[in-house]
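Chemist: structural data only, the sequence is not supplied:
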Ligand SMILES: [Mg+2]
């Protein structure tokens, strides 16, 4: 346990939050096959029993997917759509969360996404409540040379229509602007009142939260390293290796809070 984390864990109320894919669960080629790392899941159950801990999973998945993927998890905050769709541990939706605006051009951008996917074998389009995700993990290497210009053209069209663009691990998402994972953590903090927040993530849309929490002395940002992502351009409070590394850190945190270290 590193010293600054030890002092954070002495806070009287702590929010421990995590991204899901690549952080609590290994990345898989079919997103629907994702399963939480069993060790990480076990630590989540330990932490759920500690009264001063509030747990949150903050993901880019849809609310329905996140609920399914996390069915083995104890009740906790689940925030889907990169911060836009929250669900409290009791299943309720907090009234204070801003509703996303309904965009006029969502259908048009979605049709462009379908057209884009039709040009690349293995590519898929995921329709989400706030936009579309273009997945290209399964596009074979020999078909990839034409991918960057085609994706860039779709991104440019989406940006002209007022959407925001999130580039993830072998996925590009366009979505209506609004809440982010970091603003979602701040909203939960306002509702729950922790003195300190800990968050771990592995991808582009996690960077803001990991950076802001790393800058803050009372909070803790964890970067989950992977071969697909360059190191962040700031120094996170801690770097771990994949979901297994995050599970080990969660184990240390749980043991400390249970008074076993
Ligand atoms: Mg992730």
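Modeler: All right, it came through fine. All values reported here derive from a predicted model rather than from experimental measurement. Residues are numbered from 1 along each chain as shown.

Chemist: can you show me the helices along the stretch 51-200 of the chain?
Modeler: Remark: helices assigned in the stretch 51-200 of the chain by DSSP state H, counting those that start in this stretch are 63-69, 106-118, 147-160, 181-192.

Chemist: any idea which of the ones you listed is most buried?
Modeler: With neighbours taken as mean count of other C-beta atoms under 10 Å, the helices of the stretch 51-200 of the chain reach their highest mean count in helix 181-192, at a mean of 19. Heads up, the C-betas are built off the backbone N, CA and C, glycines and all.

Chemist: packing partners for it?
Modeler: strand 14-18, strand 53-58, strand 77-80, strand 85-87, strand 196-201, helix 207-215 (3 or more C-beta pairs under 8 Å, 6 or more residues apart in numbering; DSSP states H and E).

Chemist: what about 7 Å?
Modeler: strand 14-18, strand 53-58, strand 196-201, helix 207-215 (3 or more C-beta pairs under 7 Å, 6 or more residues apart in numbering; DSSP states H and E).

Chemist: packing partners for the longest one?
Modeler: Okay, so that is helix 207-215. Helix 207-215 packs on helix 181-192, strand 196-201, strand 220-225, going by 3+ C-beta pairs under 7 Å, 6+ apart.

Chemist: that one near the ion anywhere?
Modeler: No. Using C-beta under 5 Å from the ion, helix 207-215 stays clear of the ion, with a minimum separation of 10.8 Å.

Chemist: and the contacts of that helix?
Modeler: 180-182, 185, 197, 199, 201, 219-223, 232, 234-237 (C-beta atoms under 7 Å, 6 or more residues apart in numbering).

Chemist: how about the shortest one?
Modeler: Contact partners of strand 14-18, identified using C-beta under 7 Å, 6+ apart, comprise 24, 47, 52-58, 185, 188-189, 192, 194, 196-200.
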